[in-house]
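Q: For reference, the sequence and a predicted model appear below.
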Amino acid sequence: MGYIIPGQHHIIKESSETLSQLLLGEFKAAGYKRVHIVANAPKPDQIEGKLPAVCVYLYQLGLDYDGVQAHRGDQEILELAQPDGSILETKRDAPMWVRLDYLVSTWAQTPEDEQLLLGLAIKALIEHPVISGETLKGDSFEPEYEMPVTLSSRLDEGTLARFWGSLNQPIRPAIQAWTSVPIYPEKLEPFKRVKERGVRYKNLLDQTTEEGPGYPLGSPGGGGGGGGGGKPAPTAGGGLSTNIKTGTGDKR
């Protein structure tokens with residue numbers, strides 16, 4: 001059964017915080033007393049006075065088509081506790097999966113220090129291909145959720161030149177990493193389970209019908225009419241029809 005998480009759309013912001021805190025923990029474990037984490041675009045005016053610093057910049061997001069196609073059309077059942085203690089079953093559509101692409105750049109007094117920080121950042125990402133449990137920051141994740149993090153292949157020089165040129169900066173070494181997260185719809189629909197099901201057989205040649213077990217509805221062993229309420233097998237040319245009863249009525 002699924003969960004309803006208030007403010008679940010915060011998951012994009014909290015995914016960025018999760019990734020930043022993962023890197024920060026790696027830097028502290030390596031002996032750095034203070035490394036500033038910057039979420040803004042990697043520009044000197046955002047970094048000034050904060051060296052050493054690591055910029056974790058969400059530069060692109062879009063639909064994760066693998067996740068969307070894998071779950072399109074699916075629905076899940078939710079059990080909601082009511083004030084009187086009863087359980088109300090509802091259903092909702094599958095989540096929309098969103099891909100988040102990050103550019104991780106490091107800033108320090110010397111290029112050597114920047115490269116050391118880059119090496120630690122790569123180490124943290126390859127040692128944590130999946131982030132889960134208490135490492136996830138915020139309340140938008142389901143209890144058993146695991147957030148995958150993958151290093152991307154390097155951007156081509158033209159793309160890099162345009163990106164850094166848009167920030168009026170020379171090209172800098174940086175890491176590209178991405179993850180995919182679900183955003184759930186809050187709209188819920190009533191859900192009712194099938195309570196009874198009856199079976200009857202219809203001979204397509206002479207149009208006679210024979211009733212099987214549970215038909216008419218409410219009959220524990222089948223009902224009279226046609227073939228006497230036994231369990232006949234369909235004859236040659238026969239067809240099978242079912243009658244399903246839900247909490248709202250019969251459906252033929």
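A: Thanks, I have the structure now. Remember, predicted model here, so these are calculated numbers, not experimental data.
Q: residues in contact with residue 100?
A: By Cβ atoms under 8 Å, 6 or more residues apart in numbering, the residues touching residue 100 are 12, 15-16, 58, 61, 178-181. The C-beta positions use only the backbone N, C-alpha and C, and glycine is treated the same way.
Q: Around residue 206, how many other residues sit close by?
A: Residues lying near residue 206 (other Cβ atoms under 10 Å) number 8.
Q: hmm, back to that, dump the contacts of residue 100 into a markdown table; add pLDDT, secondary structure and neighbour count as well.
A: Output for these, formatted as a markdown table (pLDDT from 0 to 100; DSSP: H, G, I helix; E, B strand; the rest coil; neighbours: other Cβ atoms under 10 Å):
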| residue | pLDDT | secondary structure | neighbour count |
| --- | --- | --- | --- |
| 12 | 95 | helix | 14 |
| 15 | 96 | helix | 25 |
| 16 | 96 | helix | 20 |
| 58 | 95 | strand | 17 |
| 61 | 91 | strand | 14 |
| 178 | 94 | strand | 17 |
| 179 | 94 | strand | 20 |
| 180 | 92 | strand | 18 |
| 181 | 92 | strand | 24 |
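Q: Turn those residues into TSV, including distance to residue 161.
A: Shown next, in TSV, are the contacts of residue 100 (distance: Cβ to Cβ, whole Å):
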residue	distance to residue 161
12	28
15	28
16	25
58	21
61	22
178	21
179	26
180	28
181	30
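Q: Would you map the strands across this protein?
A: Under the criterion DSSP state E, the chain contains strands at 36-38, 53-63, 75-81, 87-93, 96-107, 130-132, 146-148, 150-151, 174-183, 189-190, 196-203, 209-211, 238-246, 249-251.
Q: in the chain, which helix or strand is least confident?
A: strand 249-251 (a mean of 43; mean pLDDT, DSSP states H and E).
Q: So, low pLDDT: which residues of the stretch 151-252 of the chain?
A: Filtered on pLDDT under 70, the stretch 151-252 of the chain yields the residue ranges 187-191, 194-198, 207, 209-252.
Q: 80 - rerun?
A: 154-157, 185-252 (pLDDT under 80).
Q: same check, this time on the stretch 1-150 of the chain
A: Using pLDDT under 80, the flagged stretches of the stretch 1-150 of the chain are 1-7, 65-95.
Q: Distance-wise, check the closest residue to residue 147 other than its chain neighbours relative to residue 141.
A: Distances taken as Cβ to Cβ, 6 or more residues apart in numbering place residue 131 nearest to residue 147, at 4.5 Å, with adjacent residues excluded. Residue 131 sits 9 Å away from residue 141, going by Cβ to Cβ, to the nearest Å.
Q: So for those two, which residues contact both of them?
A: Here residue 131 and residue 141 have residue 147 as joint contacts, going by Cβ under 8 Å, 6+ apart.
Q: Pretty sure residue 123 sits against residue 27.
A: No. Counting by Cβ atoms under 8 Å, residue 123 stays clear of residue 27, with 10.4 Å between them.
Q: count of neighbours near residue 40?
A: 11.
Q: Could I get the contacting residues of it?
A: 46, 55, 57.
Q: can I assume residue 95 is in contact with residue 184?
A: Yes. Counting by Cβ under 8 Å, residue 184 is a contact partner of residue 95 at 4.5 Å.
Q: okay, and the common contacts of those two?
A: With Cβ under 8 Å, 6+ apart, residue 95 and residue 184 have no common neighbours.
Q: Hmm, residue 52 and residue 106 touching each other?
A: Yes. Using Cβ under 8 Å, residue 106 makes contact with residue 52 at a distance of 7.2 Å.
Q: Appreciated, that's everything.
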